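Asker: Here is my input, please return the structure:
(one chain, ligands or ions: 2)
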Amino acid sequence: MSLVADRPAATFAPSKVMNTPITPAPVSDDSSAGQPAFDRTYIQIQEFSFYYGAAKVLHNLTFNIPERQVTAFIGPSGCGKSTLLRNLNRMNDLVDGIRHEGDILVNGHSIYDPLLEVIALRKRIGMVFQKSNPFPKSIYENVAYSLRVAGRNGKAELDEVVEKSLKGAALWDEVKDRLNESAFSLSGGQMQRLCIARAIVSRPALVLADEPTANLDDAYARDIMDMFRAFNEVGVTLVISTHDQDLINRYGGHKVTLAYGKQVV
Ligand SMILES: Nc1ncnc2c1ncn2[C@@H]1O[C@H](COP(=O)(O)OP(=O)(O)OP(=O)(O)O)[C@@H](O)[C@H]1O
Ligand SMILES: [Mg+2]
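Answerer: Numbers count the residues shown, from 1 in each chain. Ligands and ions are numbered 1, 2, ... in the order given. Next up is the predicted model:
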């Protein structure tokens with residue numbers, strides 16, 4: 001069955017997400033002081049190289065990522081998009097035999113600062129994985145889960161945050177009458193938006209999304225890019241990876257093109 005035919009008429013309106021539970025943009029580092037709000041640097045990649053064992057897969061990357069925009073890592077399969085994305089919240093630390101050279105600063109602070117708590121860093125950054133990966137739980141519990149883990153179990157608070165997050169991910173209207181059904185009963189595009197709702201539940205200022213529009217038809221891709229731009233308006237910086245050169249050309253954003261782990265200028 002076509003995803004287009006299943007798609008509800010209006011799944012997104014920017015006004016719907018203006019009250020999402022997302023914190024305002026963090027204050028930028030000194031190096032970007034004085035720049036207009038939407039051009040401030042939020043992430044600085046500095047002479048960054050990355051190795052899996054002996055294999056060097058990222059080569060001396062140096063560039064800035066602006067605050068409150070969608071920045072897309074673009075390039076062919078295997079060029080290092082996911083590796084670079086996973087370095088921004090140090091998810092790659094979980095792989096044996098990795099090492100890096102250079103530095104990455106988020107909001108002016110090195111993510112490799114020995115005093116930084118990596119688990120806390122990961123919790124502060126929302127992550128949407130390429131393959132939708134809902135937990136084997138209800139739609140409601142998928143969103144509420146991380147709050148419960150943090151010891152926040154009050155029903156009124158959970159109800160409110162779940163509703164706001166699902167509205168923020170433009171999914172509320174489609175699921176509000178079936179919150180207790182399994183997340184696996186959702187369509188592919190709905191599951192992707194559920195994972196986005198889960199990623200924004202803890203009010204991150206930075207969201208990483210690995211191929212968020214892969215395998216989705218154009219209409220869903222457009223909804224997701226519209227949603228991301230609305231997140232920008234409430235202070236969120238997005239970094240995504242994509243194969244789709246046209247996506248950013250069509251929907252706007254900042255492009256960083258990679259080939260064989262090198263930046264293409
Ligand atoms: N866990 C890992 N261990 C060893 N090598 C890896 C690992 N993950 C990725 N690589 C290698 O690193 C290189 C970059 O892979 P990466 O997944 O970052 O590319 P990508 O641009 O995201 O590709 P795709 O578009 O297919 O998702 C590839 O050569 C890949 O084989
Ligand atoms: Mg990838």
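
Asker: now Asn249: how far from Val128?
Answerer: Distance, Asn249 to Val128, using Cβ to Cβ, to the nearest Å: 22 Å. No exception for glycine: its C-beta is placed from N, CA and C like everyone else's.

Asker: next one: Ala205
Answerer: Distance, Ala205 to Val128, using Cβ to Cβ: 15 Å.

Asker: ditto for Phe50
Answerer: For Phe50, the distance to Val128 - Cβ to Cβ - is 21 Å.

Asker: what does Pro66 give?
Answerer: Note on Pro66: its distance to Val128, by Cβ to Cβ, is 20 Å.

Asker: The residue lying closest to Asn89 once chain neighbours are set aside: what's it in contact with?
Answerer: With sequence-adjacent residues excluded and distances taken as Cβ to Cβ, 6 or more residues apart in numbering, Asn89 is closest to Ile125, at 4.3 Å. By Cβ atoms under 8 Å, 6 or more residues apart in numbering, the contact set of Ile125 is 88-89, 204, 206-208.

Asker: Report the two of the residues you listed separated the most.
Answerer: Leu88 and Pro204 (11.8 Å; Cβ to Cβ).

Asker: buried sites along the lengthiest helix in the chain?
Answerer: Criterion DSSP state H: the longest helix present in the chain is helix 218-233. Under the neighbour-count criterion of 16 or more other Cβ atoms under 10 Å, helix 218-233 has 220-232 buried.

Asker: from those residues, which is closest to Ala197?
Answerer: Out of these, the member with the shortest distance to Ala197 (by Cβ to Cβ) is Met227, at 10.3 Å.

Asker: Surely the closest one touches Ala169?
Answerer: Yes. Under the criterion of Cβ atoms under 8 Å, Met227 makes contact with Ala169 at 6.7 Å.

Asker: what do these two both touch?
Answerer: Common neighbours of Met227 and Ala169, using Cβ under 8 Å, 6+ apart, are 193, 196.

Asker: circling back: counting neighbours, go ahead and name the busier of Ala205 and Val128.
Answerer: Neighbours were counted for Ala205 and for Val128 using other Cβ atoms under 10 Å; Val128 has more, 24 against 21.

Asker: How confident was the prediction at Met1?
Answerer: Met1 carries a pLDDT value of 24.
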